[in-house]
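Q: Any chance you could fold what I've pasted below:
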Amino acid sequence: KNRSWSIGSPLGSFAFNKSQGAQLSLNTTYRKTDDDGFKEWSVKPILEYGFSDKRLRPLLEFNLRNTLWRRLNMNARFGNEVVQFDNRSPVPEDINTWIALFYKSDRFKIYERNIAQLSTRLELSSSWRFGIKAKWARRNPLRTNTQFSILEKDEQYSSTAPLEWLPEIFFSENDALEVGLSLFWRPGMKYMTLAGRRINLGSKFPRLALHYHKGLNIIGSDVNYDKLNFVIRDPFIDLNNLGFLAFRTDFGHFVNDDSLGFMDLFHFMGNEGEWAGTDRNLIRFRLNENYEFSSTNSYITHNMEWHLDGYILDRIPGIRSLLFSSVFGYNGLYRDDVRYHELIYGVDNVGIGIFRNFRVDFVWSFDQSGYREFGVNFGINEDL
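A: Numbers count the residues shown, from 1 in each chain. This is a model prediction of the structure:
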């Protein structure tokens, strides 16, 4: 009772990249909940095998969740894994598998790590949340181990290094011990209680978040840094007949950058490929490469979208019946050495009948030297 055991299909986990080659994963999940459904814990062992590097990588995850009143989430991860240099995973694995196998355009920039991580997030009140994380990792470079592709067999894969001018093995094995603290505040948050459970109803004010990451140079750790981020974000500002506005502003500063690896830098998510999920539009740029602007320099980024629904296109004869909607956007990076801007016009709600989960964006980019380039992005809404 209140227990479940699930096993994922290895064939459904198929993925491909130039370092591991074809890879399959076997993952199982055991989950238990209390009688009221408010508390849940789960354990998830994962085994991943790469056929080109001939490596078996085990990983074990524990999760504890309490949703009764003060929401509590606890997570633990132990094992070996292959990850991208930007821990937000800017290139989706399914997209990378497709473009690698059929276009030989593997965009994964990856390394391997042994990891032991503990993290907790607690809701202090309806408006305040707090998070803490401790992580140890042994980090190793990866090399290209296969040139297989279904098409484009004469081409060569780019290296696993994040920048073209770097050698593929550009760092040596190192250990990193890191602690992180996060504080989230959304003023004016309203909620209701139902059957002993608190349900948040939202707020008209944006959410503010402060993140602090410390690299500790103790017990064999090779890093020593202090990194701060301050984020203001609001995904929905109602403009009535003029649609809605969404924005995110991020301030970043290294207080101390004495010793760190490339993966510890500030990264700015860029071009994920010709197709991308629209759920990430407020944390990414469209026409720059993922690690083009990575550095320790202080910065400000601003991402904004104005969704006008059908306010403009509904007024154009012949277009109104298509039910398309307009989106205007702006992305900007401000740094001592960089001024980078993108202007965006998007057509949303593209499709046929009830299948309208596609979006097309036309993007113009500029930097401190002037106009850079024009590009077209195709997006898939997250609820597809």
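
Q: any weak-confidence spans in the stretch 151-300 of the chain?
A: Low-confidence segments of the stretch 151-300 of the chain, defined by pLDDT under 70: 195-198, 272-278.

Q: show me what contacts the residue nearest the centre of the chain?
A: The centroid of the chain falls nearest to R88 when counting by Cα atoms, centre = their mean (3.2 Å). R88 makes contact with 267, 269, 283, according to Cβ atoms under 8 Å, 6 or more residues apart in numbering. Bear in mind the C-beta positions are built from the backbone N, C-alpha and C, glycine included.

Q: switch to 10 Å and redo it
A: 267, 269, 280, 283-284, 290 (Cβ atoms under 10 Å, 6 or more residues apart in numbering).

Q: of all those, which comes closest to R335?
A: H267 (13.1 Å; Cβ to Cβ).

Q: quick one, phi/psi of that closest one?
A: With angles defined as degrees, to the nearest 10, H267 sits at phi -120, psi 150.

Q: Tell me how many other residues crowd it.
A: 21 (other Cβ atoms under 10 Å).

Q: quick one: it from Y157, how far?
A: Per Cβ to Cβ, to the nearest Å, H267 is found 22 Å from Y157.

Q: Sketch out the low-pLDDT regions of the stretch 1-150 of the chain for me.
A: 1, 68-70.

Q: quick one, what contacts the nearest residue to L59 once chain neighbours are set aside?
A: Leaving aside its chain neighbours, L59 sits nearest to G79 (3.4 Å; criterion: Cβ to Cβ, 6 or more residues apart in numbering). G79 makes contact with 45-48, 57-61, 113-117 under the criterion Cβ under 10 Å, 6+ apart.

Q: which of those residues count as buried?
A: Neighbour counting over those (16 or more other Cβ atoms under 10 Å) leaves 46, 48, 57, 59, 61, 113, 115, 117 as the buried ones.

Q: wait, is the fourth one part of a strand?
A: Yes: assessed by DSSP: H, G, I helix; E, B strand; the rest coil, L59 belongs to a strand.

Q: My guess is it contacts E48. True?
A: Yes: look at L59 against E48 with Cβ atoms under 10 Å: they come within range, at 7.2 Å.

Q: List the contacts of R320.
A: 310, 313-314.

Q: er, L26 I mean
A: 7-10, 13, 45-49.

Q: distance of it from D53?
A: 17 Å.

Q: just to revisit the earlier point, would you list the phi and psi of the residue nearest to the centre of the chain?
A: phi -80, psi 0.

Q: Could you check how far it is from K135?
A: 15 Å.

Q: follow-up on the earlier one: can you tell me which of the contacts of R320 is nearest K109?
A: L313 (38.1 Å).

Q: Hmm, Y345 and that closest one touching each other?
A: No: if you go by Cβ under 10 Å, L313 and Y345 don't touch, sitting 11.3 Å apart.

Q: which of these two has more neighbours?
A: Set L313 next to Y345 and count neighbours by other Cβ under 10 Å: L313 wins out with 18 against 13.

Q: Contact partners for the more buried one?
A: Contacts of L313 by Cβ under 10 Å, 6+ apart are 319-320, 322-326, 347-349.

Q: Restricted to buried residues, select those residues in PyMOL.
A: Applying 16+ other Cβ under 10 Å to the contacts of L313, the buried members can be selected in PyMOL as follows:
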select buried, resi 322+324+325+326+347+348+349
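
Q: Please identify which pair of the contacts of L313 lies farthest apart.
A: R320 and D348, at 14.7 Å, using Cβ to Cβ across these.

Q: Please report how far the residue lying farthest from the centre of the chain lies from F184.
A: Distance from the C-alpha centroid of the chain peaks at P317, with 39.5 Å (Cα atoms, centre = their mean). Counting by Cβ to Cβ, the separation of P317 from F184 is 47 Å.

Q: picking that back up, inside helices: which ones of the contacts of R320?
A: Of the contacts of R320, none are assigned to helices by DSSP state H.

Q: what about the helices in this protein?
A: 93-103.

Q: Excluding sequence neighbours, find me the nearest residue to N145.
A: S52 is the one closest to N145 (Cβ to Cβ, 6+ apart), at 4.1 Å.

Q: try S42
A: S42's closest residue in space is R31 (Cβ to Cβ, 6+ apart), at 4.2 Å.

Q: Now flag whichever of the contacts of L313 is closest to G379.
A: The closest of those, once distances to G379 are taken by Cβ to Cβ, is D348, at 8.3 Å.

Q: doesn't S326 make contact with the closest one?
A: Yes: here D348 reaches S326: they are 7.4 Å apart, a contact under Cβ under 10 Å.

Q: Name the residues contacting each of the two.
A: Common neighbours of D348 and S326 (Cβ under 10 Å, 6+ apart) are 307-310, 313.

Q: Let's have those residues in JSON lines, adding pLDDT and distance to Q147.
A: Listed next are the shared contacts of D348 and S326 as JSON lines, based on pLDDT from 0 to 100; distance: Cβ to Cβ, whole Å:
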{"residue": "H307", "pLDDT": "93", "distance to Q147": "43"}
{"residue": "L308", "pLDDT": "90", "distance to Q147": "47"}
{"residue": "D309", "pLDDT": "81", "distance to Q147": "48"}
{"residue": "G310", "pLDDT": "75", "distance to Q147": "49"}
{"residue": "L313", "pLDDT": "80", "distance to Q147": "46"}
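
Q: For the residue nearest to the centre of the chain, give its distance to M192.
A: Counting by Cβ to Cβ, the gap from R88 to M192 is 33 Å.

Q: Please apply the same query to G252.
A: Distance from G252 to M192, by Cβ to Cβ: 36 Å.

Q: Closest one to Q84 out of the contacts of R88, please.
A: Nearest to Q84 among the contacts of R88, with distances taken as Cβ to Cβ, is N290, at 8.3 Å.
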